[in-house]
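Q: Give me a model of this one.
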Amino acid sequence: MSAPAAERDTAGVFSPGRARIAARTLRSDRWWLSPLLTVLGLSAFVVYATVRSFVRSAYWVADYHYLTPFYSPCLSDSCVPGSSHFGTPFPELPMWIPLGFVVLPFLLGFRLTCYYYRKAYYRSFWQSPPACAVAEPHRGYTGETRLPLKLQNAHRYFFYVALIVTVINTYDAITAFHGKDGGFGFGLGNVILVVNVILLWAYTVSCHSCRHATGGRLKHFSAHPVRYWMWTQVTRLNTRHMMFAWITLGTLVLTDFYIMLVASNTISDLRFVG
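A: Down below sits the predicted model:
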């Protein structure tokens with residue numbers, strides 16, 4: 001017997017203490033549906049976000065100061081006039097570099113290392129395992145002890161960058177209350193931007209790293225009543241972290257898509273004031 005085969009026969013569902021069952025699983029329900037939907041959902045978002053991040057068009061509505069989150073902050077001379085809320089410290093960029101290049105890698109890292117997303121793509125893309133009581137196809141298990149999976153431990157650091165980016169998104173949403181002729185203005189785009197940023201805050205602060213930062217290291221809650229209260233609030237949000245993870249993918253796409261339609265003059269923004 002080869003070494004890999006011997007290793008497989010002593011691990012997981014193939015260990016000596018388990019019943020010898022030839023079938024991969026005895027489950028008769030549609031256990032494959034959840035990982036399949038996860039693959040389709042995450043793949044659709046990655047394709048859409050990648051395309052929109054590189055096209056460099058219809059990301060800024062000058063009349064109402066709408067800026068899509070995929071291009072925020074826009075810090076290059078390549079950005080269209082008015083879209084750079086924090087100046088342009090970088091020169092013209094080649095087309096193969098997205099205009100949101102400063103923060104996009106950190107946001108990708110934050111999502112990739114997120115505890116929920118790790119569970120989601122481990123089960124769906126890597127099938128490790130695809131569902132409860134379903135054998136995985138891998139010969140061995142090393143956990144997150146080797147590269148590149150050791151980088152998952154950087155999640156706490158990506159969290160702090162994500163906080164800064166969410167503050168920037170909040171600033172974008174506030175400055176978007178701009179009328180066509182100057183002054184205050186309010187339209188459907190503002191509603192979409194504000195709802196998106198509220199949900200981004202919910203996803204970010206419901207993160208396990210935020211829960212640890214607020215009270216994870218405390219040994220005596222009674223000695224830190226304020227931090228204990230913060231920890232309890234984050235804990236309540238944390239129970240819905242998976243929900244916020246999926247909802248914010250949807251709101252990011254919706255926000256970008258709506259701004260793209262308005263910026264390209266495909267539709268007109270529904271205005272309530274100004």
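
Q: how many other residues sit next to residue 170?
A: By the criterion of other Cβ atoms under 10 Å, residue 170 has 16 neighbours. For glycine as for every other residue, the C-beta is placed from the backbone atoms N, C-alpha and C.

Q: just for the stretch 1-150 of the chain, where's the confidence low?
A: The model of the stretch 1-150 of the chain has pLDDT under 70 over residues 1-19.

Q: residue boundaries of the helices in it?
A: For the stretch 1-150 of the chain, the helices defined by DSSP state H, counting those that start in this stretch cover 3-8, 33-55, 104-112, 115-124.

Q: who's in contact with residue 187?
A: Residue 187 sits next to 64, 269, 270, 271, 272, 273, 274 when contact means Cβ atoms under 8 Å, 6 or more residues apart in numbering.

Q: Which of those ranks first by neighbour count?
A: residue 64 (24 neighbours).

Q: Nearest residue to it in space, please, no chain neighbours.
A: Spatial nearest neighbour of residue 64, excluding adjacent residues (Cβ to Cβ, 6 or more residues apart in numbering): residue 178 at 5.5 Å.

Q: surely the one you found meets residue 65?
A: Yes: here residue 178 lies in contact with residue 65, judged by Cβ atoms under 8 Å, at a distance of 4.2 Å.

Q: so can I have JSON lines of the helices of the stretch 1-150 of the chain showing mean neighbour count?
A: Below are the helices of the stretch 1-150 of the chain laid out as JSON lines (neighbours: other Cβ atoms under 10 Å):
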{"stretch": "helix 3-8", "mean neighbour count": "12"}
{"stretch": "helix 33-55", "mean neighbour count": "15"}
{"stretch": "helix 104-112", "mean neighbour count": "18"}
{"stretch": "helix 115-124", "mean neighbour count": "18"}
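
Q: Using CSV, lay out those together with distance to residue 94.
A: Formatted as CSV, these follow (distance: least, Cβ to Cβ, whole Å):
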stretch, distance to residue 94
helix 3-8, 45
helix 33-55, 11
helix 104-112, 16
helix 115-124, 30
